[in-house]
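Engineer: From the sequence below, what's the structure:
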Amino acid sequence: MTKLMIGAAQIGGIQKAETREEVVARMMKLMDEAHEKGVEFLAYPEMTLTTFFPREYVEDRSEMDSWFETEMPNAATQPLFDLAQKYKMGFTFGYSELTPEGEHYNTSIIVSPEGEIVLKYRKTHLPGHAEYDENRAYQHLEKRYFLPGNTGFQVAENQGVLMGMAICNDRRWPETWRVMGLQGVDLVTIGYNTPSQNTHGKEVQIEQNLYHNELSFCAGAYQNACYAMGIAKCGTEDGNHMIGGTLIVGPEGTVLAKAEGEGDELIVAEADFDKCAFNRQNVFNFAAHRRIEHYGLISSQTGVVKPS
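Structural biologist: So this is what the prediction gives:
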């Protein structure tokens with residue numbers, strides 16, 4: 001039997017003027033609180049260290065390189081790694097990665113209580129667009145500043161639990177969850193920066209976006225018999241609003257904990273991973289019930305092709 005106290009550390013908006021050191025201090029404060037509550041594994045959002053810069057357009061994309069990390073840990077984040085080792089706490093967070101080969105990725109890592117990076121994930125499903133679009137209410141330029149991830153959806157053991165990651169838009173795609181589910185994943189963490197405004201109009205749709213967010217996590221956790229944590233960077237960031245809704249979901253698809261506000265906030269829950277095993281032996285016994293001979297379109301076709 002494996003039980004783990006897990007925590008989701010929501011982060012309020014990060015302004016462009018804030019330094020990485022200031023953000024890490026906020027992260028460490030939440031880690032202190034998590035330690036006091038007995039958390040053994042803590043999850044932070046997508047792009048935790050900086051403002052969500054892809055909302056801005058620049059002609060020369062290299063001007064955005066200052067938002068990227070060239071190594072991890074680095075001088076700014078080492079205190080967070082040190083504190084986690086002191087508390088014997090595993091953790092995960094997202095950041096913008098610039099590789100030695102000059103490639104740009106939206107990245108997340110899982111770190112063991114010993115301070116070792118046990119898994120790296122690079123965002124697969126990039127939303128938005130690559131060029132300035134005057135018809136949009138605001139820009140969403142992830143396709144301009146990042147490459148699609150090249151890691152796939154891997155799973156690794158950490159703290160006696162099989163853990164996997166995804167990032168933001170990935171949560172909406174059932175393939176994300178199923179690939180990890182087929183590896184027996186016990187816990188999936190997904191950080192996000194989700195605007196409350198529709199990019200193609202001026203309407204604000206907070207309630208609808210929060211519903212879709214919760215729906216994605218509950219369905220993914222239930223259909224793959226795993227725990228899931230969705231962790232928001234949210235609130236007002238440089239005049240732009242992003243939804244909160246940080247939550248922890250159990251393998252029955254039920255919400256175990258949910259953030260109340262849009263600032264820095266910790267939520268916790270005890271995960272009993274025997275519940276994952278029970279569901280995998282029954283309704284979601286993949287070996288007994290899946291029929292892959294009928295699923296070919298999923299991996300052979302990208303867009304919709306209507307029958308002739």
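Engineer: Excluding covalently adjacent residues, which one is nearest to I267?
Structural biologist: Closest residue to I267 apart from its sequence neighbours, by C-beta to C-beta, 6 or more residues apart in numbering: A257 at 4.1 Å. To be clear about C-beta, it is placed using only N, CA and C from the backbone, and glycine gets the same treatment.
Engineer: The one you found: neighbouring residues, count only.
Structural biologist: 17 (other C-beta atoms under 10 Å).
Engineer: bridging residues for the closest residue to Q159 other than its chain neighbours?
Structural biologist: The shortest distance from Q159 to any non-neighbouring residue, by C-beta to C-beta, 6+ apart, is to G90 (5.2 Å). In this entry, G90 is beta-bridged to F41, by DSSP bridges.
Engineer: Repeat that for V204.
Structural biologist: Q197.
Engineer: contacting residues for it?
Structural biologist: 196-197, 241 (C-beta atoms under 8 Å, 6 or more residues apart in numbering).
Engineer: Return the item of those having minimum pLDDT.
Structural biologist: Among those, Q197 has the lowest pLDDT, at 79.
Engineer: so that one sits right up against Y138, yeah?
Structural biologist: Yes. At 6.8 Å, Q197 counts as touching Y138 under the criterion of C-beta atoms under 8 Å.
Engineer: Between these two, which contacts overlap?
Structural biologist: N240.
Engineer: got a list of what the residue nearest to Q159 touches?
Structural biologist: 40-42, 84, 110-113, 158-159.
Engineer: Got a PyMOL select line for the buried ones in the residues you listed?
Structural biologist: This is how PyMOL selects the buried members of the contacts of G90, with burial counted by 16 or more other C-beta atoms under 10 Å:
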select buried, resi 40+41+42+84+110+111+112+113+158+159
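Engineer: what's the closest of the contacts of G90 to V249?
Structural biologist: Of all those, F41 has the smallest distance to V249: 15.1 Å, by C-beta to C-beta.
Engineer: Quick check: the closest one vs E157, distance?
Structural biologist: Per C-beta to C-beta, to the nearest Å, F41 is found 12 Å from E157.
Engineer: Check N282 too.
Structural biologist: Counting by C-beta to C-beta, the gap from N282 to E157 is 24 Å.
Engineer: And I11, by the same measure?
Structural biologist: 27 Å.
Engineer: between the two, which one's more packed in?
Structural biologist: Neighbours per residue (other C-beta under 10 Å) separate I11 from E157, with I11 holding more: 28 against 12.
Engineer: Which pLDDT value does the model give the residue nearest to Q159?
Structural biologist: For G90, the model assigns a pLDDT of 98.
Engineer: again, but for the one 10 residues further on
Structural biologist: On pLDDT, P100 comes in at 97.
Engineer: quick one, what contacts it?
Structural biologist: T70.
Engineer: what kind of secondary structure is it in?
Structural biologist: Three-state call for P100 (DSSP: H, G, I helix; E, B strand; the rest coil): coil.
Engineer: tell me the secondary structure for A288?
Structural biologist: From three-state DSSP, the assignment for A288 is helix.
Engineer: Correct me if wrong: G7 contacts V268.
Structural biologist: Yes. Counting by C-beta under 8 Å, G7 sits close enough to V268 to count as a contact (4.5 Å).
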